[in-house]
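>>> 3D model of this:
(2 chains)
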Amino acid sequence: MVKKTVQPEDGILVVQNLTKRYNSRMVLDNISLAIQPGKTTVIIGPSGCGKTVFMKHLIALERPSEGKVFFKGDRIDDINERKLARIRTRFGFCFQMGALFDSLTVYENIIFPVKQHFKIDDYNALDKLVKQKLALVGMDGFQNQYPASLSGGQKKRVALARSIALNPEVILYDEPTTGLDPITSDVINELILKLEKELEITSVVVTHDMKSAYKVGDRIVMFHAGRIIADGDKDYIRNHPNDIVQQFIHGRVGEAELAALRFGGTRFETQFAPEDFE
Amino acid sequence: MIIEQFGEWIVGFVGGTGRFSRFAWVSTFASFRAMLRPKIWPLVLTQMYYIGVKSLPVVMATGAFVGMILALQTYDQLYSMGLQERMGVLINLAVVSELGPVLAAVMLAGRVGGALTAELGTMNVTEQIAAVQSMGTDPIHYLVAPRVLACLLLTPFLIIYADLLGILGGWFISVYQFKINAGAYWSYSASGVELWNIGTGIFKGFMFGGGIAVISCYKGFTCREGAQGVGEACTEAFVGCFITILFLNYVFAIVFDAIYKSLWPARSLL
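Predicted coordinates for the structure are as follows:
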C-alpha cells in the first residue's frame, strides 16, 4: 500500500511528518495523522511509546524537531506564544494527574481560564457557570474544597470540568482512567461519551486501558516505539494481524520476555534472606 | 574521552547560560508590563505579602544582631586607641552600605528563594505550569512576573528595615552597655555616613531582589522530576542566589566607588 501523505485540510487537527528528538533519542518518528472533527480518536500504546509527547504537540506545548502541526488548516507549531494563547483557548487539555492548582479552590480552578480571557464582573454569572460545569461531571457542591481534599477520581472530574470551562472545540485527554478503580474509570468513560454527544466536541484520548479505548473510541491508533503501527476502528484493531498489536490489546506478555523470565530463574548466587542476619 | 566530556560540559554551560539569559530577559520584560496591567496587581499584592511582610521579622532580627555584634567586636579595639566615641561611624557605615543590604538579601534568598523554587518546581513536576500554558495563559506573566515584581519592589524596603534595626542595635550596645556619650555617637555617625552610602545600599536592594526572584523562578521552571529534582533545584537556587548577591555586591562596590569619586565632589556646585 502506498502511504498517502495527509494534507492540512484532511481533519480538524493534522500532524504531518512529525518527528521529535530529545538530545539524540528519537521519541516520535515521522508520524502523520489527521483527526476527524466530532469524533473520538483513541491513541493506545505501551508506556514510553511517545503518546503523551504526541498529544502535547497537538497544542504546541512541545515543539516538533521536524514536521508540521495544523489546526483547522492553519499551522500552529511555528507561531509565537501570544498567538498560540488564542488558539489554546479553543482546546481543553485534561492532564494525567489532573494538574489542578492546589493553591486554589475547585471554584477558583474552574473560573481560572474564564478570568484569564474575559473580563467578567457579574459574579452570579460566574457562580452559575461553575455550577453548570461541575454538575456536568457530577461534582456540584464541591466548589469550596481544595484539590488536596479530593480523591483521584474527583480530581479528574474537576479537571475535566475545568477543561470545558471555555466551551472548547477539542478536548485532549491524557490517560483519563489511569490509576482509578474500575467503576470510577467507567464514570470517566461515560463522561467522555457524554461530552462528545452533547457538546459535539472532538476528543483525542491517550490511554493504555483497552476497555476504555473500546468504549469511547470511534477510531483507535496504536503507537509503538514512536511510530503508528495500526490505525482503524474497533473491529479492525481487534482483528489486526500484527503480533505486537494483539499482545497489547490482550495484555499478553511476549515470547521474548517470557523466555527471559523463564531462564532468569529465581535462585541467585547471592541470596539475602532474613535468617542470614541472625 | 576527556575532550568529549569537556566539550559536553562547555555546550551544557553555554546552553544553560543562554536559556537563563532568555528567561531573565523575558521575565523582566513581563514584570514591567505587569505594572501596567491591573489584572496582575492582586497577584503582586499576594506575593508582596508572602515575600515582603512575612520576611520582615527575620530581616529585622538579622539587622539588629549585625549592629549589636559590630558594636561588641569593635569597642575593645577602638577603646585601646581612645577612639570609642567614633564607633558610630564604623558601625553605621558598615551596616548601611554593606552588611545590611547583603545580609538582608541572603536571608531573603534563603527564605523566599527556596520557597519560590519549591513552589514553582512542584507546580512544574505536577504539570500545573503546563496546565496554565494549555489554557492559553503565559506562565511567565501569571507566575513569574508577580513574584519578580514583589521581590524587586520590596527588597529595598526590607533593607531599610535591616539598616534601621542595625543602627538601633549598634546604638543600644554602644550607649547602654559601653556608656558612650550618645551625642558624640550620633554626631560622629552623621558626619561619617552620607546619603550616598544609604542610597547605594538601597539601590543594591533592587538588584539583589530581582536577582533572587529570577534565579529562583528559573530553577523552579527547569527543575527535574521527582522529590529529588525539587530538592536539588532549591539547593541550586539558594547557592546561585548567594553567589550572585556576593558577586553583584563586589561589582557594585567598584562601580559605585568610581562614580562617587568622579561625581560626588561636584555636588557642591549643584
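>>> confirm that A:Lys20 sits in a strand.
Yes: judged by DSSP: H, G, I helix; E, B strand; the rest coil, A:Lys20 forms part of a strand.
>>> who touches residue 242 in this structure?
All of this refers to chain A. Contact analysis of A:Asn242 by C-beta atoms under 8 Å, 6 or more residues apart in numbering or on different chains lists A:229-230. (Glycine included, C-beta is placed from N, CA and C.)
>>> not what I meant, chain B
B:106, B:109.
>>> 10 Å instead?
Contact partners of B:Phe242, counting by C-beta atoms under 10 Å, 6 or more residues apart in numbering or on different chains, are B:102, B:105-106, B:109-110, B:113, B:212, B:215.
>>> pick the one among the residues you listed closest to A:Pro274.
B:Gly110 (44.3 Å; C-beta to C-beta).
>>> so the closest one makes contact with B:Phe238?
Yes: with contact defined as C-beta atoms under 10 Å, B:Gly110 and B:Phe238 form a contacting pair (6.2 Å).
>>> give me the common contacts of those two.
B:Ile212.
>>> so between these two, which is more surrounded?
B:Phe238 (20 against 16; other C-beta atoms under 10 Å in any protein chain shown).
>>> does B:Ser97 touch B:Gly166 like I think?
No: contact criterion C-beta under 10 Å: B:Ser97 and B:Gly166 do not qualify, at 11.1 Å.
>>> higher neighbour count, the two?
B:Gly166 (29 against 22).
>>> quick one: the strand or helix carrying the more buried one near chain A?
Using DSSP states H and E, B:Gly166 sits in helix B:145-172. No: against chain A, helix B:145-172 shows no contacts by C-beta under 10 Å from any C-beta of the partner chain, the least distance being 12.8 Å.
>>> going by contacts, tell me the helices and strands next to that helix.
For helix B:145-172, the contact count by 3 or more C-beta pairs under 10 Å, 6 or more residues apart in numbering or on different chains; DSSP states H and E identifies helix B:2-34, helix B:41-51, helix B:56-80, helix B:87-94, helix B:100-108, helix B:114-125, helix B:182-192, helix B:195-221 as packing neighbours.
>>> out of those helices, deepest packed?
Among the helices and strands packed on helix B:145-172, helix B:100-108 has the highest mean neighbour count (mean count of other C-beta atoms under 10 Å in any protein chain shown), at a mean of 26.
>>> by contact count, what packs against it?
So helix B:100-108, by 3+ C-beta pairs under 10 Å, 6+ apart, packs with helix B:56-80, helix B:145-172, helix B:195-221, helix B:226-263.
>>> so can I have JSON lines of the ones you listed showing mean pLDDT?
Output for the helices and strands packed on helix B:100-108, formatted as JSON lines (pLDDT from 0 to 100):
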{"stretch": "helix B:56-80", "mean pLDDT": "91"}
{"stretch": "helix B:145-172", "mean pLDDT": "92"}
{"stretch": "helix B:195-221", "mean pLDDT": "91"}
{"stretch": "helix B:226-263", "mean pLDDT": "91"}
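>>> of those, which is nearest B:Glu4?
Per C-beta to C-beta, nearest to B:Glu4 of the helices and strands packed on helix B:100-108: helix B:226-263, 24.7 Å.
>>> identify the residues contacting B:Gln84.
B:74-78, B:174, B:178-181, B:184-185.
>>> wait, A:Tyr214
Per C-beta under 10 Å, 6+ apart, neighbours of A:Tyr214: A:42, A:189, A:220, A:234, A:237-238, A:249.
>>> which SS class is it?
A:Tyr214 ends up helix, using three-state DSSP.
>>> A:Pro182 against A:Lys215, yeah?
No: between A:Pro182 and A:Lys215 there is no contact, the gap being 11.9 Å when judged by C-beta under 10 Å.
>>> which one of the two has more residues nearby?
Set A:Pro182 next to A:Lys215 and count neighbours by other C-beta under 10 Å: A:Lys215 wins out with 18 against 10.
>>> quick one: that one and chain B, what's the gap?
25 Å (C-beta to the nearest C-beta, to the nearest Å).
>>> list the contacts of the residue nearest to that residue when sequence neighbours are not counted.
Spatial nearest neighbour of A:Lys215, excluding adjacent residues (C-beta to C-beta, 6 or more residues apart in numbering or on different chains): A:Asn189 at 4.8 Å. Counting by C-beta under 10 Å, 6+ apart, A:Asn189 touches A:176-177, A:205, A:207, A:209, A:211-216.
>>> wait, which of those residues is closest to B:Cys234?
A:Pro176 (32.3 Å).
>>> what's the local residue count around the closest one?
By other C-beta under 10 Å, the residues close to A:Pro176 number 27.
>>> which residues touch it?
Contacts of A:Pro176 (C-beta under 10 Å, 6+ apart): A:94-96, A:98, A:156-157, A:159-160, A:185, A:188-189, A:191-192, A:203, A:205-207, A:209, A:212, A:216.
>>> quick check: residues of chain B near chain A?
Near chain A, when you scan chain B using C-beta under 10 Å from any C-beta, you find B:26, B:39, B:46, B:119, B:122-123, B:125-142.
>>> roughly how far does whichever residue of the stretch 101-250 of chain A sits closest to chain B sit from B:Met135?
Per C-beta to the nearest C-beta, A:Pro113 is where the stretch 101-250 of chain A lies closest to chain B, at 4.2 Å. Per C-beta to C-beta, to the nearest Å, A:Pro113 is found 4 Å from B:Met135.
>>> who touches both of these two?
A:88-89, A:92, A:162-163, A:165-166, A:168.
>>> just the buried members of those?
Buried members of those, scored by 16 or more other C-beta atoms under 10 Å in any protein chain shown, are A:88-89, A:92, A:162-163, A:165-166, A:168.
>>> let's see which of the residues you listed end up in strands.
A:Gly92 (DSSP state E).
>>> which of the buried ones among the shared contacts of A:Pro113 and B:Met135 come close to chain B?
A:88-89, A:92, A:162-163, A:165-166, A:168.
>>> per-residue pLDDT of the residue nearest the centre of chain A, please?
For chain A, the residue nearest the mean C-alpha position is A:Asp174 (2.3 Å; C-alpha atoms, centre = their mean). Listed pLDDT for A:Asp174 reads 90.
>>> what does A:Gly265 give?
65.
>>> what mean pLDDT does stretch A:12-25 have?
86.
>>> now the residue nearest to the spatial centre of chain B: closest residue in space that isn't a chain neighbour?
Relative to the mean C-alpha position of chain B, the nearest C-alpha, by C-alpha atoms, centre = their mean, is the one of B:Ala105, at 3.0 Å. Once flanking residues are discounted, B:Ala105 sits nearest to B:Phe208: 3.8 Å by C-beta to C-beta, 6+ apart.
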